[in-house]
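J.: got a sequence here, can you build the structure:
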Amino acid sequence: MKIYLATGNKNKKREIQQILPNHEILIPSDEGIAFDPDETGSTFYENSIIKAKTLYDIVHAPVIADDSGICVDALGGAPGIYSARYAGPEYMQGRPDGKKIPQEEQNVFLIKQLNQAVKSGKLPKGEYLYGERSCHYTCSMVLYLGNDRIYVCQETFEGTLINSIEEQAGDGGFGYDPIVFLPEYNKTVAQLSADEKNAISHRGKATKILKKIIESLNL
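T.: Residues are numbered from 1 along each chain as shown. Next up is the predicted model:
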């Protein structure tokens, strides 16, 4: 079955296609569809619904959409839903002109911002799974089959932020993966193989839940 994925990110397409090999996963650009919805939601879930409905209204076919990002505990969960637009402590929700900065710069900014927060000692109260450098990815994923047929799941993927950009490692994955260290595996996310990442990642776990839903619906 043909399923549209509401993103322009080919890396996401690759990861989801690996978990759903019996279906053809297409992103809008594969069919020349212009797709750039305003993500005005205040949560991952709200943004995933916005993207899913926008694309469904164009293709009138099954759509999967996800909204995901990195949440640093010591920064109160930031950058969170603004992970793709994050441009340092001065532009936590993105630059005023809307231009995104290179991922490498985002990684540098995020590490420096966490280091400053830790040094200040003024950290939000709460449980830190791996200590003051704890972080996690969140993924909210939607299977949109129509305005009255919507399936949603949300998963997380826990780790820690490395101490400096010089410690980044790995050439797999994408985004913030080279700077997120997994204590239980003694690797960064970017050092995992594709199969390893899909087995434990936020997006991998969410996609597997949707896979069971898709199979139960005989789509």
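J.: mean confidence for stretch 95-111?
T.: For stretch 95-111, mean pLDDT is 96.
J.: what are the ranges of the helices in the protein?
T.: 10-19, 44-59, 103-120, 194-200, 202-217 (DSSP state H).
J.: give me the residues contacting the fourth one.
T.: By CB atoms under 8 Å, 6 or more residues apart in numbering, the residues outside helix 194-200 that reach it are R14, E15, Q18, I19, F157, G172, G173, Y185, V189, L192, G204, T207. C-betas here are computed from N, CA, C, even on glycine.
J.: ok, those residues vs I33, which is closest?
T.: Nearest to I33 among the contacts of helix 194-200: R14, at 18.7 Å, using CB to CB.
J.: from G204, how far off is that closest one?
T.: From R14 across to G204, the span is 12 Å (CB to CB, to the nearest Å).
J.: higher neighbour count, those two?
T.: G204 (21 against 12; other CB atoms under 10 Å).
J.: not counting sequence-adjacent ones, nearest residue to the more buried one?
T.: With sequence-adjacent residues excluded and distances taken as CB to CB, 6 or more residues apart in numbering, G204 is closest to N198, at 3.8 Å.
J.: what's the answer for S68, then?
T.: C139 (4.0 Å).
J.: pretty sure that neighbour contacts E155?
T.: Yes - in this structure, C139 is within contact of E155 by CB atoms under 8 Å, at 5.5 Å.
J.: ok, residues contacting stretch 98-117?
T.: Looking at what lies outside stretch 98-117 - CB under 8 Å, 6+ apart - the contacts are 70, 72, 74-75, 79, 84-89, 94-95, 123, 133, 161-165, 168, 174-176, 178-179.
J.: show me what counts as buried in it.
T.: Buried residues in stretch 98-117, counted by 16 or more other CB atoms under 10 Å: I101, Q106, N107, V108, F109, L110, I111, Q113, L114, A117.
J.: N47 contacts G41, correct?
T.: Yes - using CB under 8 Å, N47 is in contact with G41, at 4.0 Å.
J.: show me the contacts for T138.
T.: F44, S68, G69, C71, G80, Q154, E155, T156, H202 are the contacts of T138 under CB under 8 Å, 6+ apart.
J.: and the gap between it and K2?
T.: T138 is 28 Å from K2, by CB to CB.
J.: now do V118
T.: To K2, V118 is 47 Å away according to CB to CB.
J.: V189 too?
T.: 30 Å.
J.: can you check L219 too?
T.: 10 Å.
J.: columns distance to L129 on top of the helices of the chain, output as a markdown table?
T.: Listed next are those as a markdown table, based on distance: least, CB to CB, whole Å:
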| stretch | distance to L129 |
| --- | --- |
| helix 10-19 | 24 |
| helix 44-59 | 19 |
| helix 103-120 | 15 |
| helix 194-200 | 14 |
| helix 202-217 | 14 |
